[in-house]
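Enquirer: Any chance you could fold what I've pasted below:
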Amino acid sequence: MIPAADARRIGAVAAVLVPLPLLAAAGGATYQLRILVAFVAFAAFTVALNVAFAHTDQLFLFLGALAGIGTYTTALSADALGVSAWLTLPLGALLAGTLGAVVSYVAARRGMTVIVLAVLTLALQLAATEAFVGARSLPGGSTGFPFAALSVAAATPPLGADGQVVFAYPLVGAPLAAPVPSPPPVRSRPGRSVAPPVHPCPRPTAPLPRRVLSSFDRMVGYGRCGTGRGRRRR
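Expert: Numbers count the residues shown, from 1 in each chain. Next up, the predicted model:
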């Protein structure tokens, strides 16, 4: 269970974010609704990065690569298999999480400092960007490709709301839910081995399995939220 103070902060943020999709749709502000979707997707990335860095002392600068891998895996798999993208979404998230876990494991085993890991992941980010642009036949190069299979059409009539509004709420919930799984492992016996940082770049002190699992959990979030963000591209 998360601390009461954190729960109050999350509740305050939820009170601000939850009405926004409905307010934007009521005024016919489709463009503003798309901006809101992009905002909450990047907010989820920020929260996940903060959780991963704070509890594992590993700085990942390849969030775009993870989001892209999750997005393209979900979309391309759905098109190839002819199934709903909601069925392939876990596959995209799992692939992004696995990549994050591998990088986390290698960094922990090699004792990489924060700066070294930041440089490594930034290089991976640039390599992934070039790969996405170069493989034009699959991801569509730098412009992407239209993809609307990740829809909520089945839930729209019962709720009586616009489909874009309904779709916005899972993304709104992403940054609100991201901190929730963190307190239990942090308060566990392995988690208590992480002392408050004294030096700006302290050495990781948490056990290796906990660091890797925490990174995997955050990277799954990157891949999942990246798919929601990528859905808006046309």
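
Enquirer: what is the rounded mean pLDDT of stretch 48-63?
Expert: Mean pLDDT, stretch 48-63: 81.

Enquirer: actually stretch 97-114, not the one I typed
Expert: Confidence for stretch 97-114, expressed as mean pLDDT, is 88.

Enquirer: Please apply the same query to stretch 138-149.
Expert: What stretch 138-149 shows for mean pLDDT is 71.

Enquirer: likewise stretch 70-87?
Expert: Here the average pLDDT along stretch 70-87 is 87.

Enquirer: Can I get it in PDB? Just the C-alpha atoms.
Expert: Below are the C-alpha coordinates for stretch 70-87, written out as PDB (Å, rounded to 0.1, in the frame of the first residue of the first chain):
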ATOM      1  CA  GLY A  70       6.500  -1.600 -28.100                       C
ATOM      2  CA  THR A  71       4.500   0.400 -30.600                       C
ATOM      3  CA  TYR A  72       5.800  -1.200 -33.800                       C
ATOM      4  CA  THR A  73       5.700  -4.700 -32.300                       C
ATOM      5  CA  THR A  74       2.100  -4.300 -31.300                       C
ATOM      6  CA  ALA A  75       0.900  -2.700 -34.600                       C
ATOM      7  CA  LEU A  76       2.900  -4.900 -37.000                       C
ATOM      8  CA  SER A  77       2.000  -8.100 -35.200                       C
ATOM      9  CA  ALA A  78      -1.700  -7.200 -35.200                       C
ATOM     10  CA  ASP A  79      -1.600  -6.500 -39.000                       C
ATOM     11  CA  ALA A  80       0.300  -9.600 -39.700                       C
ATOM     12  CA  LEU A  81      -1.900 -11.900 -37.600                       C
ATOM     13  CA  GLY A  82      -5.100 -10.200 -38.400                       C
ATOM     14  CA  VAL A  83      -6.100  -9.900 -34.700                       C
ATOM     15  CA  SER A  84      -7.000  -7.000 -32.400                       C
ATOM     16  CA  ALA A  85      -4.100  -4.900 -31.300                       C
ATOM     17  CA  TRP A  86      -5.200  -5.300 -27.700                       C
ATOM     18  CA  LEU A  87      -4.100  -9.000 -28.100                       C
END
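
Enquirer: What are the buried residues along that stretch?
Expert: Under the neighbour-count criterion of 16 or more other Cβ atoms under 10 Å, stretch 70-87 has 70, 71, 72, 73, 74, 75, 76, 77, 78, 85 buried. (C-beta placed from N, C-alpha, C; glycine too.)

Enquirer: Over to stretch 116-130?
Expert: 117, 118, 120, 121, 124, 125, 128.

Enquirer: ok, of those residues, which one's closest to residue 35?
Expert: Among those, residue 125 lies closest to residue 35 (Cβ to Cβ), at 23.9 Å.
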